[in-house]
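Student: Quick one, what's the 3D model for this:
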Amino acid sequence: MWKDRLRALFSDSPPAEPSPVSALPAPASGAPTLVSKSVPREITRHSHAFEQMLHILRDHQNLQILDLGEVNQDNITFLTSLGHRLYSEDLLRTVDSIFGEGDPAITHISAARQHEFFEQVLAFPQGHFDAALIWDNFEYLTKPLLDPIMFRLLNIVRPGGVMLACFHADARDTNAPFYSYRIRGTGEIQVSTKSHRRLVHPFNNRGIEQLFQPCSSVKFFLTRDALREVLVRR
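Tutor: Predicted coordinates:
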């Protein structure tokens, strides 16, 4: 029955604007560079959350998918090969360029700076997306940034849409690996350590449930490594 509801929700053609990503853009000038404190490493891990997300995506064509991680051609190629449109927004890159890298001292954001930020990121119509790849972005956002970003995200992902998020398993480790995520196949994600970065807003399971409280369901997946996976139904 839930599949029938999904088909009904996804039956309307989403807006044509703005244009989806079709190739990798040039890096933004002046964006901060993170300096690695350890030797970068890569691991390809099986993601049960992403595998389940794909079961939903494969039932439909021409869905609109938002990727909030680092822009990479692997994700673009994989998801567009399924007949979907991918829109890439390097969320933390924009946050760093406007507010500074993971600044824990931010307690208030003026309306002008918030407007400047949302002119550059998440500037989409209401209900534009059927799915979103959040990855671990939320852990690096202070509350004055997290709250409006979450509000905007829930506005642009349509009811019934699906979102995937990752969280570090050990919330006490505030100086945590900062990852990039590349889709390598059905249920396979390559996780690469780019650097170490301060976890501004670590989440336990209860905190994750509260974060997605406005959504219809939050499903946790057990993992054997340093990441927790969550699949959310808007």
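Student: residues touching the nearest residue to Asn72 once chain neighbours are set aside, list them.
Tutor: Closest residue in space to Asn72, ignoring its immediate chain neighbours: Arg182 at 5.5 Å, by CB to CB, 6 or more residues apart in numbering. Any C-beta I mention is one placed from the backbone N, CA and C, and that applies to glycine too. Listed by CB atoms under 8 Å, 6 or more residues apart in numbering, the contact set of Arg182 reads Asn72, Asp74, Asn75, Ile189, Gln190, Ser192.
Student: What of Arg206?
Tutor: Taking CB under 8 Å, 6+ apart as the definition, Arg206 has no contacts.
Student: which element is it on?
Tutor: helix 205-211 (DSSP states H and E).
Student: Could you do Ala132 as well?
Tutor: strand 129-135.
Student: And the strands in the chain?
Tutor: In the chain, the strands defined using DSSP state E lie at 42-46, 64-67, 85-88, 129-135, 157-168, 175-185, 188-198, 217-221, 227-233.
Student: Now render the ones you listed as a markdown table, adding mean pLDDT and distance to Leu79.
Tutor: A markdown table is the format used below for those (pLDDT from 0 to 100; distance: least, CB to CB, whole Å):
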| stretch | mean pLDDT | distance to Leu79 |
| --- | --- | --- |
| strand 42-46 | 90 | 18 |
| strand 64-67 | 98 | 6 |
| strand 85-88 | 96 | 5 |
| strand 129-135 | 98 | 9 |
| strand 157-168 | 96 | 12 |
| strand 175-185 | 89 | 7 |
| strand 188-198 | 89 | 13 |
| strand 217-221 | 95 | 20 |
| strand 227-233 | 94 | 16 |
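Student: what's the closest of those to Lys143?
Tutor: strand 188-198 (14.6 Å; CB to CB).
Student: now the angle from that closest one to strand 227-233?
Tutor: Angle, strand 188-198 to strand 227-233, by axes from the mean of the first three to the mean of the last three CA atoms, to 10 degrees: 110 degrees.
Student: relative to strand 42-46, how tilted is strand 188-198?
Tutor: Following the same axes, to 10 degrees, one obtains 130 degrees for the angle between strand 188-198 and strand 42-46.
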